[in-house]
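[1] Requesting a structural model of the entry that follows:
(chains A and B)
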Amino acid sequence: MSIRVRFAPSPTGPLHIGGVRTALYNYLLAKKEGGTFILRIEDTDQTRLVPGAEDYIKESLEWLGLTPDEGPGYGGDYGPYRQSERKGLYAQYAQQMVADGNAYHAFDTPEELTKMREEQQALGHHSAKYDARIRMQMRNSLTLDKEESDKLIAAGEGIIRLKMPHDEDVSFVDLVREKVTFNTNQLDDKVILKKDGMPTYHLANIVDDHLMKITHVIRGEEWLSSTAHHVLMYRFMGWEAPHFTHLPLILKPTGKGKLSKRDGAKFGFAVFPMEWHDKKEDAVYQGFKEDGFDPKALLNFLVLLGWNPGNDEELMTVERMTELFSLAKIVKSGARFDVDKCNWFNQQYLMATPDADLLAPVKAVMPEGITTEDNYLQTVIGLMKERVYKYGDFYTEGSFFFSAPAEYDEKQVKKRYKSEQDEHFAAIRTMVTSSSESAEALANQVKAYLKEKELKMGVYLPLLRIMMCGALKGPDLFDIIITLGSEEVAQRYDKALEVFKKL
RNA sequence: GGCCCGUUCGUCUAGGGGUUAGGACGCCAGGUUUUCAUCCUGGUAGCACGGGUUCGAAUCCCGUACGGGCUACCA
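    Predicted coordinates:
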């Protein structure tokens, strides 16, 4: 049987980086096994829907290259792929479970539920569950007489809850954790069909996974605790359950807890694939795309956060990941998000990408008002690419390619500059402002002069660099001079010397 | 609180009864460079703790501690 996996996000906001990794693992398994990667939108909670979130998810997946084989807008024989459009499908299964005695109608109001929880809390039961012990004290089709209950159901009142069997161990195999067991006495009677007729996650999930012939469920660890409910429902329906794999969570770089939406701003990096404008909060969350990451680098970093190929390979294309991927090698424990390593991956990709291919993404993140010839920018890219991490760094780290230095490293200038050197500077100026055939030729010319006059390279060259760049950093000095062009070099030269004299 | 899952360098991880506990990021030092970066070489640093089992435990078992998740008519 062909493998079918799904990535099933809820369109309640932007796609979190943990979700990206979940999508990636699903994608990799599908591709490795020649299976199908499905996108399913889990929008059963109408109150939490966020406009634009679904489009954001799809755009993000496409930017990352994780394009679904089936899904809303992608076609497929098992649609619709949006749960809200499948609304009519779910009730019959809930009703079947009721008919079989595995579920029941409940009529408790939210107030009654709150009251029950408060009472239980007062009795010393922490976060009381609607379970076997409690259900006989509540208003439902199990406690009310049939006539009354039927009347309420006919009036469209109530919801449907799963009826947990008494004291039964429910086990399932998690492909990374092996056997996991829950006792039904610890499990609550989960709501499966809501007042508005929508299913909850639990029902929608098993119905759709079954109908869509999903073979492997790969999802975050937050679902591990409710998997016993799902397993039980498959059993109630007489359906074969898919294989389960629960992924360890991605944790904050430091401190406690899982990586959250706000950690991006807190630690200074993106936690979303693309920029997200939160209208409700009137806030903008940064994205890896806008931050200047190569999606391939992001994926490479993410794939290793919770999985390894079993050897020392780290730099991998998606094709290579696909070859090597295996659920068995997924790690059990949570992984901290390490910004440094993420940057390092991007740098590796940057260095391996031809300059011409970098042109477009670098232009895309250039600040407004900065316009350059493509040829010029490509030269800058070539010179700068092994000293930057992200696309935006070409501008910030290589600012001297776009405007003359506004200030100079005073300390370094004072250490080296003396006005007696002016005669030599005049001579060097002539060399660097006349056209040279190459950086190498110019370098030889200047160095020959310094040697002839018995001057120190360690004094003149750094000063020359500071004239051009403002500081002791950047690519080869003579490459910079050639790239800048004699006119610009002359201007910077004169301006800098003037400043040097006053220091 | 209850239930479930987990714990190897600071971080990501390999190893899964006998290893000098391996790699990568970071960091440090040296080399290369006029500088920064790249690159090369070297270094730093780890099996949470306590009991078992065993000739022998990082590895198996139990407990403790710590971390994580769940505990909604959210997903």
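[2] Output the lowest mean pLDDT helix or strand found in chain A.
    Using mean pLDDT, DSSP states H and E, helix A:263-267 stands out as the lowest-scoring helix or strand of chain A, at a mean of 85.
[3] Only C-alpha atoms, please: export it in CSV.
    Listed next in CSV are the C-alpha coordinates belonging to helix A:263-267 (Å, rounded to 0.1, in the frame of the first residue of the first chain):
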residue,chain,number,x,y,z
ASP,A,263,10.6,34.4,21.4
GLY,A,264,11.5,35.8,17.9
ALA,A,265,11.5,39.3,19.1
LYS,A,266,13.0,38.4,22.4
PHE,A,267,16.0,36.5,21.0
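[4] packing partners for the helix or strand just after it?
    Scanning forward in sequence from helix A:263-267 by DSSP states H and E, the next helix or strand is strand A:276-278. Where contact means 3 or more CB pairs under 8 Å, 6 or more residues apart in numbering; DSSP states H and E, strand A:276-278 is packed against strand A:283-285. Any C-beta I mention is one placed from the backbone N, CA and C, and that applies to glycine too.
[5] Show me what the helix or strand hosting A:Tyr460 is packed against.
    Using DSSP H and E, A:Tyr460 sits in helix A:457-469. Identification of packing neighbours for helix A:457-469 by 3+ CB pairs under 8 Å, 6+ apart yields helix A:410-416, helix A:422-433, helix A:439-452, helix A:477-484, helix A:486-502.
[6] Kindly present these as TSV, with separate columns for mean neighbour count.
    Below are those laid out as TSV (neighbours: other CB atoms under 10 Å):
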stretch	mean neighbour count
helix A:410-416	13
helix A:422-433	16
helix A:439-452	15
helix A:477-484	21
helix A:486-502	15
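[7] picking up where we left off before, average pLDDT across the helix holding A:Tyr460?
    For helix A:457-469, mean pLDDT rounds to 92.
[8] How about stretch A:427-441?
    86.
[9] Can you tell me what sits against that stretch?
    A:442, A:445-446, A:449, A:460, A:464, A:476, A:478-479, A:481-482, A:486-487, A:489-490, A:493 (CB atoms under 8 Å, 6 or more residues apart in numbering).
[10] just those residues that are near RNA strand B?
    Residues of these in contact with RNA strand B (CB under 7 Å from any atom of the strand): A:Leu464, A:Asp476, A:Phe478.
[11] rewinding a little: can you point out the buried residues in the least confident helix or strand of chain A?
    A:Asp263, A:Gly264, A:Phe267 (16 or more other CB atoms under 10 Å).
[12] How about the last one: what's its closest non-neighbour residue?
    This means A:Phe267. Computed as CB to CB, 6 or more residues apart in numbering, the closest residue to A:Phe267 that is not its neighbour in sequence is A:Pro253, at 5.4 Å.
[13] got it, and the second one?
    For A:Gly264, the nearest residue in space outside its immediate sequence neighbours is A:Val271; the separation is 4.2 Å by CB to CB, 6+ apart.
[14] will you turn the helices and strands packed on helix A:457-469 into CSV that also has distance to A:Leu203?
    Output for the helices and strands packed on helix A:457-469, formatted as CSV (distance: least, CB to CB, whole Å):
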stretch, distance to A:Leu203
helix A:410-416, 69
helix A:422-433, 75
helix A:439-452, 69
helix A:477-484, 64
helix A:486-502, 68
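[15] how about the ones you listed, which one is nearest A:Ala122?
    Nearest to A:Ala122 among the helices and strands packed on helix A:457-469 is helix A:410-416; the distance by CB to CB comes to 69.4 Å.
[16] do the closest one and RNA strand B meet at all?
    No. Using CB under 7 Å from any atom of the strand, helix A:410-416 stays clear of RNA strand B, coming no nearer than 8.5 Å.
[17] A:Arg139 is in contact with A:Glu112, correct?
    Yes. A:Glu112 is in contact with A:Arg139 according to CB atoms under 8 Å; the separation is 7.0 Å.
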